[in-house]
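In: After the sequence you'll find the predicted model.
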Amino acid sequence: MSLAIINGSPRGLKSNSELLMRNFIEGYCNIIPRIPEQLFLAKASDLAGIPDKIKTSQNIIVIFPLYTDCMPGIVMQFFEDAYESGILNSKNVGFIVQSGFPESKHSVFVERYLEKLCRRLNCNYLGTVIKAGVEGIRIQPPSMTKKLFAAFSLLGEEFAKTGEFDRTIKDQLMGRYEFTGATIGLLKIISKTGAFNMYWNKKLKENNAFKLRNSNPYSEFRN
Amino acid sequence: MKITILNGDNKSNGNFTGYISELSKILATENTIEVFDLNKMNLKFCTGCWSCWWKTPGECAMKDDAGIIFRSVINSDLLIFASPLTAGFTSSELKKITDRLIVLIHPYIEVRNDEFHHKKRYDKYPEIAVIVEKNSDTDDEDLEIISDIYKRLAINFHSSLKFFKTTDDDGVKEISLAITSTKTQKTQKV
């Protein structure tokens, strides 16, 4: 099996997408001991090599973070290029969409676009793996990320065996679509305490920017 | 009413840009209009550095032309995303600046309408409208997908999608009327 991974995170090598795919690749290599290349749309030196890499790979996985409810601009540019060149024609193409929101609902809208894109580009759609709640995984202790990384490793292993995203692992990663009932009531109360903002406060304080956190520099009406 | 139009046409003098130019002339008789032809500007892709959220809150670290767009957008009553469709979506040129609009919202998270969303940074956000030009392979399913994605964007942008129009179905006069209707509704609210 030939596999190329297109990483569409604007953060490139320092992205959560890269971290997730590192685990996917680890699992993949347990079955196929040939490391699939991961190419970064945010890395200028990778861009020129992407067409050749796609030409020699039958399977393509595109991973990106959800940006303003959709794909990042660099990924849209990649889709435009693929549309113009027809390079994904007849390829097997799957997607992984990760986001910082705790519910997966935010990502299902772009999933519809991705499925339609594959029909438009005449490629075989392998599905979209949605993973919410990913923000902060680069700084979380191993105990907090162990389960997530193990799931991605297993996803890679199964992909190497079958050329598909395993449905059970995909469903497990998708997690909660939305919060309802008593849970959302409780979350609303917690939300008001500011407990969900601890991560942001930590980063603001590290950068001596906490006092400026509510700045609105582009307003024409500020004092 | 102040209106900002983000024109994502990749071609400098394409039909779509002509359409937007004509529309802006009609609208300018009764409104303040700012049109940004994105492909003529020095705009970079968001790098996800999040300086705008945790280093220089509310301010983008990139040195390019985006600052004048941020200022125009947040001080507008109506923000129009305008673009020809390609690969089933609005252009990467438009998506490039859309990504960077996160500078206008807060990193803090809140539960709103039973969903997690980012909090406001500003007191007031413009209403949102979308104008697209169909491609030869555009169908109703595409338009529904795009419209739904912009509805979601509007929620996260503390706004609402006022209308979604195609240049094929609506001439500049019809769109101008739709915008006037937005203005009337705002006046009635007051």
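Out: Alright, I've got the coordinates.

In: alpha carbons only for contacts and neighbour counts from here, please
Out: Will do.

In: Report the secondary structure state of A:Ala151.
Out: helix (DSSP: H, G, I helix; E, B strand; the rest coil).

In: Just give the closest residue to it, not the sequence neighbours.
Out: Leaving aside its sequence neighbours, A:Ala151 sits nearest to A:Ile169 (C-alpha to C-alpha, 6 or more residues apart in numbering or on different chains; 6.7 Å).

In: quick one, what contacts A:Lys105?
Out: A:177-178 (C-alpha atoms under 8 Å, 6 or more residues apart in numbering or on different chains).

In: and it, which of the three is it?
Out: Secondary structure, three-state DSSP: A:Lys105 is helix.

In: Wait, A:Leu121 touches A:Lys91, no?
Out: No. Judged on C-alpha atoms under 8 Å, A:Leu121 makes no contact with A:Lys91 at a distance of 9.3 Å.

In: so the residue minimising distance to the centre of chain B bridges to which residues?
Out: The structure's chain B has its C-alpha centroid closest to B:Phe81; by C-alpha atoms, centre = their mean the separation is 3.3 Å. Counting by DSSP bridges, B:Phe81 forms beta bridges with B:Leu6, B:Val130.

In: Show me where chain B has its helices.
Out: Counting by DSSP state H, chain B has helices at residues B:15-27, B:51-54, B:66-74, B:92-100, B:140-156, B:172-189.

In: Adding distance to chain A and mean pLDDT, write those helices out as JSON lines.
Out: Shown next, in JSON lines, are the helices of chain B (distance: least, C-alpha to the nearest C-alpha, whole Å; pLDDT from 0 to 100):
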{"stretch": "helix B:15-27", "distance to chain A": "18", "mean pLDDT": "94"}
{"stretch": "helix B:51-54", "distance to chain A": "5", "mean pLDDT": "96"}
{"stretch": "helix B:66-74", "distance to chain A": "5", "mean pLDDT": "98"}
{"stretch": "helix B:92-100", "distance to chain A": "5", "mean pLDDT": "98"}
{"stretch": "helix B:140-156", "distance to chain A": "6", "mean pLDDT": "97"}
{"stretch": "helix B:172-189", "distance to chain A": "20", "mean pLDDT": "73"}
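
In: show me where chain A has strands.
Out: For chain A, the strands defined by DSSP state E occupy A:3-7, A:37-40, A:59-65, A:92-98, A:124-131.

In: ok, and what's touching stretch B:163-170?
Out: Stretch B:163-170 is contacted by residues B:19, B:128-134, B:147, B:175, B:178 when judged by C-alpha under 8 Å, 6+ apart.

In: Show me which of those are buried.
Out: Buried subset of the contacts of stretch B:163-170 (neighbour count, 16 or more other C-alpha atoms under 10 Å in any protein chain shown): B:128-134, B:147, B:175, B:178.

In: which one among those gets closest to chain A?
Out: Nearest to chain A among the buried ones among the contacts of stretch B:163-170: B:Ser147, at 10.1 Å, using C-alpha to the nearest C-alpha.

In: tell me, how many neighbours does the closest residue to that closest one other than its chain neighbours end up with?
Out: In this structure, B:Ser147 finds its nearest non-sequential neighbour in B:Phe164, 6.6 Å apart by C-alpha to C-alpha, 6+ apart. Per other C-alpha atoms under 10 Å in any protein chain shown, the neighbour tally for B:Phe164 reads 22.

In: ditto for B:Thr180
Out: Other residues within reach of B:Thr180, judged by other C-alpha under 10 Å, total 16.

In: Equivalent analysis for A:Lys43, please.
Out: Neighbours of A:Lys43 under the rule other C-alpha under 10 Å: 16.

In: is it true that A:Ser15 touches A:Ser9?
Out: Yes. Using C-alpha under 8 Å, A:Ser15 is in contact with A:Ser9, at 6.4 Å.

In: Between these two, point out the one with more neighbours.
Out: Using other C-alpha under 10 Å, the more surrounded residue of A:Ser15 and A:Ser9 is A:Ser9, with 31 against 20.

In: And that one, how close does it get to chain B?
Out: Distance of A:Ser9 to chain B, computed by C-alpha to the nearest C-alpha, to the nearest Å: 8 Å.

In: what do you get for A:Met21?
Out: Distance, A:Met21 to chain B, using C-alpha to the nearest C-alpha: 18 Å.

In: What does the pLDDT read for that residue?
Out: On pLDDT, A:Met21 comes in at 96.

In: these two touch, right, it and A:Phe152?
Out: Yes. Shown here, A:Met21 and A:Phe152 form a contact pair, counting by C-alpha under 8 Å, at 7.4 Å.

In: Now do the domain split for chain A, please.
Out: Chain A breaks down by automatic domain parsing into domains covering A:3-174, A:185-212.

In: Deepest-packed of those, please.
Out: Of all these, domain A:3-174 carries the top mean neighbour count, a mean of 19, counting by mean count of other C-alpha atoms under 10 Å in any protein chain shown.
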